[in-house]
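Chemist: Dropping the sequence and predicted coords here.
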Amino acid sequence: MTFDRSIKIAPSILAADFANFGAEVQAVEAEGADWIHIDVMDGHFVPNLTFGPPMVKALRHHVTTVMDVHLMIAPVDPYIEAYAEAGADILTAHVEAGPHIHRTLQAIRGAGMKAGVALNPGTPASSVAHVLDLCDLVCVMTVNPGFGGQSFIDMSSKIAELRAMIGDREVHIEIDGGVDVGTAPLVAQAGADVLVAGSAVFRGGSVEDPAPYGENIRAIRAAAA
Ligand code: DX5
Ligand code: ZN
């Protein structure tokens with residue numbers, strides 16, 4: 001993975017067909033996805049449950065771009081090695097998931113992955129001020145995590161604040177939740193470079209008819225440009 005600040009579209013498979021993830025990943029990559037975003041939920045840190053390391057490992061055989069794993073779990077540390085073995089390229093933990101985000105980010109890098117830190121809408125930019133040298137990505141949640149298809153919460157000022165804090169560091173700013181052609185310009189303008197989108201990418205298409213995935217990705221990318 002080489003670093004750049006060009007806009008990257010990361011479809012979230014939370015909005016894909018759960019019985020057909022492998023084919024969905026292949027379809028959305030063929031249609032122009034830059035990264036694949038994988039939402040891991042534990043029914044504890046967030047009020048929803050998805051899947052764990054075995055599913056992520058199975059997906060590794062299908063992802064040829066970047067496997068971006070977003071952990072919405074607490075605790076995180078006991079599972080870091082399992083996600084490294086599963087082949088995650090980027091592993092993101094929430095700053096709210098425990099008292100030791102500094103240690104968690106060190107452990108993620110120590111396990112050979114890129115480290116990400118995610119912030120819930122109610123969490124200030126300052127919460128990551130002292131870990132920016134330990135991470136490769138800051139994920140700004142623009143919904144309360146747990147479900148796809150929720151309404152976008154405007155976090156433009158937080159994104160701009162983080163962009164200034166990051167300065168010349170090679171740290172991506174990722175936006176997650178409610179990203180579509182209407183909201184993409186706001187977040188790109190504020191300084192984001194990775195746009196996660198679930199419903200707005202998978203809407204209207206399927207493995208049998210993937211062309212809408214491509215149209216949706218191109219529309220979001222164009223809106224962000
Ligand atoms: C929310 C997840 C998101 C979600 C985004 O907890 O982290 O990645 O899938 O879905 P949309 O784009 O539908 O808001
Ligand atoms: Zn996510």
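Modeler: Yes, it's here. Ligands and ions are numbered 1, 2, ... in the order given.

Chemist: Would you state the strands of this protein in chain order?
Modeler: In the chain, the segments counted as strands under DSSP state E are 8-11, 36-41, 67-72, 90-94, 114-119, 137-141, 172-176, 194-197.

Chemist: Including mean neighbour count and distance to Gly182, could those strands go into CSV?
Modeler: Bear in mind the C-beta positions are built from the backbone N, C-alpha and C, glycine included. As requested, the strands of the chain are exported to CSV (neighbours: other C-beta atoms under 10 Å; distance: least, C-beta to C-beta, whole Å):
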stretch, mean neighbour count, distance to Gly182
strand 8-11, 26, 15
strand 36-41, 25, 20
strand 67-72, 26, 22
strand 90-94, 28, 25
strand 114-119, 23, 22
strand 137-141, 26, 17
strand 172-176, 25, 13
strand 194-197, 28, 12
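
Chemist: Turn the ones you listed into TSV, including mean pLDDT and distance to Ser156.
Modeler: What follows is these, written out as TSV (pLDDT from 0 to 100; distance: least, C-beta to C-beta, whole Å):
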stretch	mean pLDDT	distance to Ser156
strand 8-11	98	19
strand 36-41	98	21
strand 67-72	99	21
strand 90-94	99	21
strand 114-119	99	14
strand 137-141	99	10
strand 172-176	98	10
strand 194-197	98	14
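
Chemist: Look up the residues forming beta bridges with the one residue in the chain that gets nearest to ligand 2.
Modeler: Minimum separation of the chain from ligand 2 (C-beta to the ion) falls at His70, amounting to 3.7 Å. The partner list for His70 in beta bridges (DSSP bridges) reads Asp39, Thr92.
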